[in-house]
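Undergrad: Sequence and predicted model, in that order:
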Amino acid sequence: MDYSQVLAEKTDTILKNWIEAVRLDRKIETAETLPQSAIENHIPYLLAAMTTVLSQYQNSDIKLMIEASLDHGLIRAEQGYDAAEVAREYHLLRQVIFSHLEAELLAGSVADVFRAFRLIDAVLDEAIAQCFNSYVAQRLREIQQIQTQLKLTNQELKRLVSVNQENIYHLAHELKTPLNSIIGYSELFLRQEKWQAEIKDSLPGAEHIERVLRNGRQLLGMINDTLELSRANAGKIKLNLQRTNVQSLINTAVEMMQPIADAKELKLFVTSDCAPTQVIADGQRLQQILINLLSNAIRYTKSGSIELSCRRAGEANWAIAITDTGMGIAPEDTSRIFDPFFQAGEAGKQLFPTESTGLGLAIVSQLVTLLQGKIELVSEIGVGSTFTVILPLEVKILQQVS
């Protein structure tokens, strides 16, 4: 039985069915938004290499397959695939190949079938190994980039450290957990001298790298929030006042937060029929306020809905309200909710999400003041909260937070 010829004749069908399987697989979410060419990537070279091996011809296609597999790992990392998604793709490919060769394999001799299985598995294993080599290398480069960003940000943080010494203690405490994770997993990489040598180690190693990346990004987010607050406290934020389309601003903020709400199965409503058409303000800072309030509402709401409403508030003002059905805030905590690093709840009880730093509302409060407005809170434990921002229709002067 000439399995190389069978495979060559069925290559197009195998490729087509594999792409369909990848698109339908719920465990490969990243592929949902990619075009067919981006998913297909190096698989034609891989199938060509299998055909070469099965036919006992020269090894020219093997070299191309190895190079293509290395490119595949790099591209998958850039496309945002996690390690489990990459492994799942190869698992589906193995299934599709053998399902299309099933009839011919059943008709062949035991020796021929054994040889075909062994050679196809060998080519797939080599492709997986090369793919994960480049995938891991790309993730390590990303870690190095994050490390460089952390160093630069840390220099800026040191320059501003004198602005608020008390906050530095809290910042160090908040940074401890992700930083310890980065150090711990980095040490693990150094101890595992042969961690890239075997295929079975590739997936766990890549998952360790994913954890380092997540914690590194969380660390950067915390530091950037602290720097933003420090700049506000130091009076170094200046407004860029211009005519701002309110509806466009709301639409942009909602589009950015909709996927996060969908992930928690929360409904996100918008009521803006009575909103002003345009205002004179800093559009970037307004959007920052909206995103922080929406993000805060989504984070502290386990089920139910988030509503954004916008309206005129008298002749010279307008208002935006964010209402959630979350855990609510106790009356004794409402006076401190806009303080940096403050998180509502009983001492010793982790009622708030672990990724919360207590900086979002403090930044919102500073920006609202900068825009010559005010923010109000109405909340009830177990029912939810409403944050209302009241702003002038026209911010007339550039103002700094003193």
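TA: Yes, it's here. Numbers count the residues shown, from 1 in each chain.

Undergrad: Let's see the helix or strand hosting T323 as CSV, backbone CA atoms only.
TA: According to DSSP states H and E, T323 maps onto strand 317-324. Coordinates of each C-alpha in strand 317-324 appear next as CSV, following Å, rounded to 0.1, in the frame of the first residue of the first chain:
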residue,chain,number,x,y,z
ASN,A,317,-23.8,70.8,33.8
TRP,A,318,-24.2,67.2,32.6
ALA,A,319,-24.0,63.9,34.4
ILE,A,320,-22.9,60.3,33.8
ALA,A,321,-24.1,57.5,36.2
ILE,A,322,-22.8,53.9,36.4
THR,A,323,-25.2,51.6,38.2
ASP,A,324,-24.4,48.0,39.1
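
Undergrad: list the helices and strands the next helix or strand after it packs on?
TA: Sequence-wise, the next helix or strand downstream of strand 317-324 (DSSP H and E) is helix 360-370. The helices and strands touching helix 360-370, judged by 3 or more CB pairs under 8 Å, 6 or more residues apart in numbering; DSSP states H and E, are helix 199-233, helix 283-299, strand 374-380, strand 384-392. To be clear about C-beta, it is placed using only N, CA and C from the backbone, and glycine gets the same treatment.

Undergrad: The strand holding T323: partners in the sheet, and parallel or antiparallel?
TA: Taking DSSP bridges as the criterion, strand 317-324 sits next to strand 305-312 (antiparallel), strand 384-392 (antiparallel) in its sheet.

Undergrad: export the ones you listed to JSON lines and tack on distance to I320 and mean pLDDT?
TA: Putting the strands paired with strand 317-324 into JSON lines (distance: least, CB to CB, whole Å; pLDDT from 0 to 100) gives the following:
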{"stretch": "strand 305-312", "distance to I320": "5", "mean pLDDT": "94"}
{"stretch": "strand 384-392", "distance to I320": "5", "mean pLDDT": "94"}
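
Undergrad: most tightly surrounded among those strands?
TA: strand 384-392 (a mean of 20; mean count of other CB atoms under 10 Å).

Undergrad: okay, the angle between it and strand 374-380?
TA: 170 degrees (axes from the mean of the first three to the mean of the last three CA atoms, to 10 degrees).

Undergrad: relative to helix 283-299, how tilted is strand 384-392?
TA: 170 degrees.

Undergrad: Okay, angle between strand 384-392 and helix 360-370 too, please.
TA: 20 degrees.

Undergrad: I'd guessed R243 sits against P276; true?
TA: No. R243 lies out of contact with P276 (CB atoms under 8 Å); the separation is 11.2 Å.

Undergrad: Which one's more surrounded, those two?
TA: P276 (18 against 11; other CB atoms under 10 Å).

Undergrad: Tell me where the model's unsure across this protein.
TA: 1, 56-61, 159-211, 213-237, 340-358, 398-402 (pLDDT under 70).

Undergrad: try it again with 50
TA: For the chain, the stretches with pLDDT under 50 are 193-195, 199-200, 346-350, 352, 399-402.

Undergrad: Centroid-wise, who is the farthest residue in it?
TA: Outermost residue of the chain with respect to the C-alpha centroid, by CA atoms, centre = their mean, is S109; its distance is 50.3 Å.

Undergrad: Okay, and Q145 sits in which element?
TA: helix 110-159.

Undergrad: what's that helix packed up against?
TA: Packed against helix 110-159, as judged by 3+ CB pairs under 8 Å, 6+ apart, are the following elements: helix 43-55, helix 60-79, helix 83-100, helix 102-107, helix 199-233.

Undergrad: How far does the shortest one sit from its chain's centre?
TA: Spelled out, it's helix 102-107. 44 Å (CA atoms, centre = their mean, to the nearest Å).

Undergrad: who does it touch, helix- and strand-wise?
TA: Contacts defined by 3+ CB pairs under 8 Å, 6+ apart place helix 102-107 against helix 3-24, helix 110-159.

Undergrad: okay, the ones you listed in TSV with distance to L359 next?
TA: Shown next, in TSV, are the helices and strands packed on helix 102-107 (distance: least, CB to CB, whole Å):
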stretch	distance to L359
helix 3-24	40
helix 110-159	13
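
Undergrad: Select, out of the ones you listed, the one closest to F269.
TA: helix 3-24 (31.4 Å; CB to CB).

Undergrad: From the contact counts, what lies against that closest one?
TA: Judged by 3+ CB pairs under 8 Å, 6+ apart, helix 3-24 is in contact with helix 36-40, helix 43-55, helix 83-100, helix 102-107.

Undergrad: if we can go back for a sec, reformat the helices and strands packed on helix 102-107 as TSV; add distance to L393 and mean neighbour count.
TA: Output for the helices and strands packed on helix 102-107, formatted as TSV (distance: least, CB to CB, whole Å; neighbours: other CB atoms under 10 Å):
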stretch	distance to L393	mean neighbour count
helix 3-24	49	17
helix 110-159	35	16
